[in-house]
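>>> mind looking at a prediction? Sequence and model below.
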Amino acid sequence: MDRNIAGVTIQVNEEGYLTSFQQWNQEVGTALAQEANINMSPRHWEVINYLQTEFKNDVPLSIRKIGKSGVVDIKEFYQLFPIAPLKTASKIAGIPKPASCI
């Protein structure tokens, strides 16, 4: 389905995840973060960049993997993205919902 976010029409699935990463840009990410009541900081963007890099490299994501990444520990990940951290961060990053998420 189509959604207009940050002045851009994007394709999303029924859960609100972008269906094409090519449609993502930082303004879209910021708008998606605002919908999740998250004010993006440089630290948030570091985590988003990590998630996007892993996605581009076809690396499956999980909370445990992120905690062992050296980018962010699990406690800080939950502080940055308090509600459903991996699902929320993935949505903001414009990547599909990780298989490890219910």
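Right, received. Where do you want to start?

>>> what are the boundaries of the helices in the protein?
26-35, 42-56, 63-67, 74-80, 85-93 (DSSP state H).

>>> name the helices or strands packed onto the longest one?
Contacting helix 42-56 under the criterion 3 or more Cβ pairs under 8 Å, 6 or more residues apart in numbering; DSSP states H and E are the following elements: helix 26-35, helix 63-67, helix 74-80, helix 85-93. For every residue, glycine as well, the C-beta is placed using N, CA and C.

>>> among these, show me which one is buried the most.
helix 85-93 (a mean of 22; mean count of other Cβ atoms under 10 Å).

>>> and the gap between the residue nearest the centre of the chain and G7?
Centroid-nearest residue in the chain: S90, 2.5 Å away (criterion: Cα atoms, centre = their mean). Distance of S90 to G7, given as Cβ to Cβ, to the nearest Å: 23 Å.

>>> if we can go back for a sec, residue contacts, the residue nearest to the centre of the chain?
17, 51, 61, 96-98, 101 (Cβ atoms under 8 Å, 6 or more residues apart in numbering).

>>> so P98 touches A84, yeah?
No: using Cβ atoms under 8 Å, P98 is not in contact with A84; the gap is 11.1 Å.

>>> between those two, which one's more packed in?
P98 (19 against 15; other Cβ atoms under 10 Å).

>>> and the more buried one, how far from F55?
Taken as Cβ to Cβ, the span from P98 to F55 is 9 Å.

>>> go on, N4?
In terms of Cβ to Cβ, N4 sits 24 Å off from F55.

>>> who has more neighbours, those two?
Higher neighbour count among N4 and F55: F55, with 18 against 9, using other Cβ under 10 Å.
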